[in-house]
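Novice: Give me coordinates for this.
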Amino acid sequence: MDLFKGAIGLFKNIADSPDVADPARAAHKRAVPTGYGLLVHGAAHAAHSRWTAPPGTPPILAHVADLLEESRAEGRQRQRRRADRRWLRHTVTALLDPGTAPVDDPWHVGTLAALFLARVDARIVTSKDVRTVRAAVTAVLGRRRLRELREVWQHAHLVDDTDATTMIQLARRWCQILGIDPDQQRTVPAADPGEFPGRLAQALTDFLAVTAGHPSLVRRPHPRPAAHTADRLEAQQPHRAATPRRRRPRRPNPTRPHPEPGVKPSLIPPGRLRTRQAITADAQTAAGQVPTAAPWQQRRQLPPLKPTLHLAILVDLSGSMQSYADEMSSAAWIFAHAARRAQAVTTTVGFGSYTTVLVAPGERPPRVLHMVANQSTVTFPEAARVADQLLDLRHGRTLRMLAVVSDGHLNDIAAGQKIVTTLHRAGCGVLWLRPDGLPGHTFMHATTVTVADPTDAVAHIASAMVTTLERA
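Specialist: From the prediction side, this is the model:
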């Protein structure tokens, strides 16, 4: 069965060019390294995964044992056929889902450690390959528990191919290290829908981007808090005298005055006299008009640069919001074009039975995209996470605002409240526009406004947008 799955993976990778399917020819293997790597991966499980979980084993223990089996089987395959390591390296990205670690909790950090760090000890990937993942896992889990997990997967690498009992015992030990009781928590833990992605998700995204050859997609780490920065500078102080100081490019600070003074016309001195404007002013006076020309030119310090506003609009596409669909469709087009003229970046995301990015940041749609409100309200947390990923609502020096047009009748109120509270504490304003006359829920840490007409919702968003920019 495992070999059959590997063959299926190979077929998916050679579907566009099935004439390169002969694994006996080196040129064919080099043409589709990932496809051939999946075939080798399946062969590794077929040859070395010769155990099955005993009947009655809790699903969580069977799942952990399968995680440990990934690196164990590949390690045994590399020992038996050393040349296969080259192809197994290509399967890491194909076998990983970007959503493997949606939140920073013990279960998901353990999953990432088993899939990445255990493969280092199996000599499939190198420590350099997983440097960012190791840093994220260590930050979330801690060095002590990571050391204990490593002892577990190193023991698993020595287990016989048919020893199911030891693999289940190691899986139980794995759960105990993570603080999970497999007798109480028998199923695989699910991610908290009210949590935002953290270090683990970013590290996984960075790894996949670099492996795919797109290092420009790697997001730089967010600036450290002031306290951590001060501690780091104090710790480095003794070494600064011996280390030559390197000049680094300075980031622009929106709150700092403009580095160069600007030029501003003036009706009165002091300043530089502009002859043409002075003649124009005299001519206006001689003609009996109020002079509008400013003959003097003064150099003044310009005011601080206005920060950019990141505005995310979430639109409820459930059946109860049908009367708001047309107006919010037009609003998405209006705000996308208005953002080009103002200090703003906007995105519009619809949520319902699934999440849809209607207008991406920086996009100017040529026509109005009409939304249809006939869904449920399942994906509000997912839509908020997508908006955060697009506009970085929880971090940065920019102004951030989230506008939600919904009656608040969500499937998961607790997760929605957790999302709103997290954004509020991160400094992102949340404006919730509720239609009048519809039952729903009012969320804390959000400015809730009841609107009687769909056009009022558009006006409230525009007013909040202008007010935020004026107060910046």
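Novice: Please pull out the lowest mean pLDDT helix or strand from this protein.
Specialist: Lowest by mean pLDDT, DSSP states H and E among the helices and strands of the chain is helix 226-236, with a mean of 36.
Novice: got a list of contacts for the helix or strand following that helix?
Specialist: On the C-terminal side of helix 226-236, the closest following helix or strand by DSSP states H and E is strand 262-266. Contacts with strand 262-266, where a contact means C-beta atoms under 8 Å, 6 or more residues apart in numbering, come from 274, 277, 294, 296-302. (C-beta placed from N, C-alpha, C; glycine too.)
Novice: partner strands of strand 262-266, parallel or antiparallel?
Specialist: Strand pairing for strand 262-266, using DSSP bridges, gives strand 296-300 (antiparallel).
Novice: chain center to the helix or strand just after the partner strand, what's the gap?
Specialist: Next helix or strand after strand 296-300 toward the C-terminus (DSSP H and E): strand 309-316. Strand 309-316 sits 16 Å away from the centroid of its parent chain (C-alpha atoms, centre = their mean, to the nearest Å).
Novice: Could you do stretch 281-301 as well?
Specialist: With C-alpha atoms, centre = their mean as the basis, stretch 281-301 stands 55 Å off its chain's centre.
Novice: and residue 400, bridged to which residues?
Specialist: residue 310.
Novice: what does residue 344 give?
Specialist: On the basis of DSSP bridges, residue 344 is bridged to residue 309.
Novice: mind checking which helix or strand residue 76 is in?
Specialist: Judged by DSSP H and E, residue 76 forms part of helix 59-80.
Novice: picking up where we left off before, which of the contacts of strand 262-266 are buried?
Specialist: 274, 277, 294, 296, 298 (16 or more other C-beta atoms under 10 Å).
Novice: which two of those lie the greatest distance from each other?
Specialist: Distance extremes for the buried ones among the contacts of strand 262-266: the farthest pair is 277 and 298 at 12.6 Å, using C-beta to C-beta.
Novice: can you list the residues that contact whichever strand or helix holds residue 466?
Specialist: Assigned by DSSP H and E, residue 466 belongs to helix 454-470. The list of residues contacting helix 454-470 from outside it, by C-beta under 8 Å, 6+ apart, reads 306, 309, 311, 313, 323-324, 326-328, 330-331, 334-335, 338, 342-344, 399, 401, 403, 405, 429, 431, 433, 435, 449, 451.
Novice: Buried members of these into ChimeraX, please.
Specialist: Buried subset of those, written as a ChimeraX selection, criterion 16+ other C-beta under 10 Å:
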select :309,311,313,324,327,328,331,335,342,344,399,401,403,405,429,431,433,435,449,451
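Novice: and the contacts of helix 454-470, which of them are in strands?
Specialist: 309, 311, 313, 344, 399, 401, 403, 405, 429, 431, 433, 435, 449, 451 (DSSP state E).
Novice: Include pLDDT when you put those residues into CSV, please.
Specialist: Output for the ones in strands among the contacts of helix 454-470, formatted as CSV (pLDDT from 0 to 100):
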residue, pLDDT
309, 90
311, 94
313, 95
344, 88
399, 89
401, 94
403, 95
405, 93
429, 92
431, 95
433, 93
435, 89
449, 92
451, 91
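Novice: Now for those: which two are most distant?
Specialist: Across the ones in strands among the contacts of helix 454-470 (C-beta to C-beta), the longest gap, 26.7 Å, separates 399 and 435.
Novice: circling back to that earlier point, quick check, nearest of the buried ones among the contacts of strand 262-266 to residue 115?
Specialist: The closest of the buried ones among the contacts of strand 262-266, once distances to residue 115 are taken by C-beta to C-beta, is residue 298, at 64.2 Å.
Novice: Find the nearest non-adjacent residue to the closest one, please.
Specialist: The spatial neighbour of residue 298 that comes closest, neighbours along the chain excluded (C-beta to C-beta, 6 or more residues apart in numbering), is residue 271 at 4.0 Å.
Novice: Next, find the distance separating that neighbour from residue 285.
Specialist: Distance of residue 271 to residue 285, given as C-beta to C-beta, to the nearest Å: 19 Å.
Novice: Tell me which of these two has more neighbours.
Specialist: residue 271 (17 against 12; other C-beta atoms under 10 Å).
Novice: Isn't the more buried one up against residue 300?
Specialist: No: when contacts are counted by C-beta atoms under 8 Å, residue 271 is not listed as touching residue 300 (9.6 Å).
Novice: Residue 452: neighbour count?
Specialist: Neighbour tally, residue 452, other C-beta under 10 Å: 10.
Novice: Is it in contact with residue 438, as I believe?
Specialist: No: in this structure residue 452 lies outside contact range of residue 438 using C-beta under 8 Å: 11.0 Å.
Novice: What backbone torsions are found at residue 355?
Specialist: phi -100, psi 130 (degrees, to the nearest 10).
Novice: my read: it touches residue 348, true?
Specialist: No: Residue 355 is beyond contact range of residue 348, at 11.8 Å (criterion: C-beta under 8 Å).
Novice: who's more crowded, these two?
Specialist: The neighbour comparison of residue 355 against residue 348 (other C-beta under 10 Å) goes to residue 348, with 29 against 20.
Novice: measure that one to residue 69 for me?
Specialist: Residue 348 sits at a distance of 44 Å from residue 69 (criterion: C-beta to C-beta).
Novice: do residue 405 as well
Specialist: Residue 405 is 48 Å from residue 69, by C-beta to C-beta.
Novice: now residue 76
Specialist: 10 Å.
Novice: can you pull up the bridge partners for residue 299?
Specialist: Beta bridges link residue 299 to residue 263 when assigned by DSSP bridges.
Novice: which element is the residue nearest to residue 211 when sequence neighbours are not counted on?
Specialist: Leaving aside its sequence neighbours, residue 211 sits nearest to residue 93 (C-beta to C-beta, 6+ apart; 5.0 Å). According to DSSP H and E, residue 93 maps onto helix 85-95.
Novice: Quick check: buried residues in that helix?
Specialist: Across helix 85-95, burial judged by 16+ other C-beta under 10 Å covers 85, 87-92.
Novice: In a strand, residue 53, correct?
Specialist: No: Residue 53 is assigned coil when assessed by DSSP: H, G, I helix; E, B strand; the rest coil, not a strand.
Novice: you'd agree it is up against residue 165?
Specialist: No: using C-beta under 8 Å, residue 53 is not in contact with residue 165, being 10.1 Å away.
Novice: Those two: who's more crowded?
Specialist: Higher neighbour count among residue 53 and residue 165: residue 53, with 17 against 11, using other C-beta under 10 Å.
Novice: residue contacts, the residue lying closest to the more buried one once chain neighbours are set aside?
Specialist: Spatial nearest neighbour of residue 53, excluding adjacent residues (C-beta to C-beta, 6+ apart): residue 62 at 4.2 Å. If you count contacts by C-beta under 8 Å, 6+ apart, residue 62 has them with 53, 168, 171.
Novice: Next one: the residue lying farthest from the centre of the chain relative to residue 38, how far apart?
Specialist: Relative to the centre of the chain, the most outlying C-alpha is that of residue 286, 65.7 Å out, by C-alpha atoms, centre = their mean. As judged by C-beta to C-beta, residue 286 and residue 38 stand 88 Å apart.
Novice: With residue 367 instead?
Specialist: 43 Å.
Novice: Looking at these two, which one has more neighbours?
Specialist: Neighbour totals were compared for residue 367 and residue 38, and residue 38 leads with 26 against 6 (other C-beta under 10 Å).
Novice: No further questions, thank you.
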